[in-house]
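Engineer: Just to be clear, the model below is a prediction. Sequence and coordinates:
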Amino acid sequence: KQTMRRVRQCMGVRDLCTVVVVCCFVVGLGDCLCEKGHQTGMAFLSSLPPTNSFGRQASNLQQRPRNMRAALRRAGQPICSLVSDETVTVDVTNSISPQEAKVQLQALHDGDKWNKEEVTAVLDRMKANCETSRVLWNSVPILYRRSSLNELRMLTRGLIKEGTIDLNGEDDMEVLNISFYTTLISSMLLSTVAACVIPDMPNLPFFRNEILRYVTTFGIGSLPFAFLGLGLSVPGLLQAALIQGRRLVSEEFRQRLVYHEAGHLLVGYCMGMPVAGYKANDSILNAVQFFEPEEGIAGRLDYDEVDRLCAVSLAGVVAEALKFGDGVGGFADLSQLQGFIARASPRLDDKDQQQRVRWGCVSAYTTLKRHEDALEALVDAMTAGATVAECVEVMEVAAAAASAAGP
């Protein structure tokens, strides 16, 4: 027993000595790093693998080439690391401010040079400006993580849950049913009134006597059949008419449309998807259009591109939920997203598709919640009919102001 006690005491002393030696080594290493200066320290930190919002290392990201970093440090050029899956180094002498980016983007639009390569080059030069406090362009990494329904509710603070977002088109069906029955009842009443009120016209050349009354009554009574035929043959035109009617009678619906499309634009912009255009006064909606995603062989999409599209597609209804407590415009977005998911390579099964849709909700919620000031500024700009270049400037200025104000 005495021997074992002495052994334990010796082990305790050895462990204590080991801790002291390690602490001295760490302190000495820190002094060495401090002596090398701020640039070397920042390069050392940027070489660490990024972590996602859940505290786990992103193991699926590729390691950055160290020889390129060493060459850049020897050349004396500062390194601007993007918050994405790869580090892009750009000469900061060509970097531009958001105001200058707006001018260059507007010039591209006016000169009919608005394409993905040119727009991305301008935004990357703006991103290279290390002096800016925060740049939204391509600032959100694609870090996919499996999420259950309980985690979805927890990570979105109970905002996104079953019944919050209409992903089955129930709101559209309700509007369609109300419109049809309103048309049916109105046609019955109006045709009855027309049959009783319109008199015989003996002096008309083509509608003598009761012919005018018959044609008017028959035309009004045929409105429900015209409604059904329009929905079967050209459903897009019927949808445009219904949405335009809701826009005229409902202020909340007009705001929902703007917030919906502003959510798409902001999340896509933060995830590195340049905007091809949007229509502020469209009769259907303020449709935001992005450039075509990067495709692989036979039009297939890799998982990173699918994850990005999941977040962008669901950002519209998430933005609605943040403002109004629920989202009603997600059916069309989800239908389009199903087409993108079907092009994933390798193919995804049903369970993986559901997991990625949940992750898209969480990622969109996190991005919009973090940049609420930029979202509100973008909504005001889109309501006023601002161009894409002006929207870019508005988002960047709002983000910089929020960053300067602090948490």
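Structural biologist: Arrived safely. Residues are numbered from 1 along each chain as shown.

Engineer: switch to C-alpha atoms for all contacts and neighbour counts from now on
Structural biologist: OK.

Engineer: could you point out where this protein is predicted with low confidence?
Structural biologist: The model of the chain has pLDDT under 70 over residues 1-94, 129-133, 167, 202, 204, 207-209, 280-286, 296-298, 406-407.

Engineer: Strands of that one, residue ranges please.
Structural biologist: 275-278, 288-290 (DSSP state E).

Engineer: ok, now which ones touch Thr120?
Structural biologist: Applying CA atoms under 8 Å, 6 or more residues apart in numbering, one finds that Thr120 lies in contact with Pro274.

Engineer: Against Glu174, how distant is it?
Structural biologist: 41 Å (CA to CA, to the nearest Å).

Engineer: tell me the phi and psi of Gly385?
Structural biologist: Reported as degrees, to the nearest 10, the phi and psi values for Gly385 are phi 80, psi 30.

Engineer: ok so, going back, which of the strands of the chain has the highest mean neighbour count?
Structural biologist: strand 275-278 (a mean of 19; mean count of other CA atoms under 10 Å).

Engineer: which strands and helices sit next to it?
Structural biologist: Applying 3 or more CA pairs under 8 Å, 6 or more residues apart in numbering; DSSP states H and E, one finds that strand 275-278 makes contact with helix 251-270, strand 288-290, helix 388-405.

Engineer: list the helices and strands the longest one packs on?
Structural biologist: With contacts defined as 3+ CA pairs under 8 Å, 6+ apart, the secondary structure elements packing on helix 251-270 are helix 235-249, strand 275-278, strand 288-290, helix 303-324, helix 350-370, helix 372-383.

Engineer: what would those look like in CSV with distance to Leu189?
Structural biologist: Conversion of those to CSV gives the following (distance: least, CA to CA, whole Å):
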stretch, distance to Leu189
helix 235-249, 21
strand 275-278, 42
strand 288-290, 41
helix 303-324, 37
helix 350-370, 47
helix 372-383, 39
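
Engineer: right, so those: which one is the most enclosed?
Structural biologist: Ranked by mean neighbours (mean count of other CA under 10 Å), the helices and strands packed on helix 251-270 are led by helix 303-324, with a mean of 24.

Engineer: for that helix, the distance to its chain's centre please.
Structural biologist: Taking CA atoms, centre = their mean, to the nearest Å, the mean C-alpha location of helix 303-324 is offset from the chain mean by 5 Å.

Engineer: Between helix 251-270 and it, find me the angle.
Structural biologist: Angle, helix 303-324 to helix 251-270, by axes from the mean of the first three to the mean of the last three CA atoms, to 10 degrees: 150 degrees.

Engineer: could you give the angle of helix 303-324 to helix 372-383?
Structural biologist: 80 degrees.

Engineer: Pull out the CA atoms of helix 303-324 and give them to me as PDB.
Structural biologist: Only the C-alpha atoms of helix 303-324 are listed here, as PDB (Å, rounded to 0.1, in the frame of the first residue of the first chain):
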ATOM      1  CA  TYR A 303     -24.700  18.600 -53.300                       C
ATOM      2  CA  ASP A 304     -23.400  22.100 -52.500                       C
ATOM      3  CA  GLU A 305     -25.400  23.700 -55.300                       C
ATOM      4  CA  VAL A 306     -28.500  21.800 -54.200                       C
ATOM      5  CA  ASP A 307     -28.000  22.900 -50.600                       C
ATOM      6  CA  ARG A 308     -27.600  26.500 -51.800                       C
ATOM      7  CA  LEU A 309     -30.800  26.300 -53.900                       C
ATOM      8  CA  CYS A 310     -32.700  24.800 -51.000                       C
ATOM      9  CA  ALA A 311     -31.900  27.800 -48.800                       C
ATOM     10  CA  VAL A 312     -32.700  30.300 -51.500                       C
ATOM     11  CA  SER A 313     -35.900  28.600 -52.500                       C
ATOM     12  CA  LEU A 314     -37.300  28.600 -49.000                       C
ATOM     13  CA  ALA A 315     -36.100  32.100 -48.000                       C
ATOM     14  CA  GLY A 316     -39.200  33.600 -49.400                       C
ATOM     15  CA  VAL A 317     -41.700  31.900 -47.100                       C
ATOM     16  CA  VAL A 318     -39.200  32.200 -44.200                       C
ATOM     17  CA  ALA A 319     -39.100  36.000 -44.700                       C
ATOM     18  CA  GLU A 320     -42.900  36.100 -44.700                       C
ATOM     19  CA  ALA A 321     -43.000  34.100 -41.500                       C
ATOM     20  CA  LEU A 322     -40.500  36.500 -39.900                       C
ATOM     21  CA  LYS A 323     -42.700  39.500 -40.700                       C
ATOM     22  CA  PHE A 324     -46.300  38.100 -40.500                       C
END
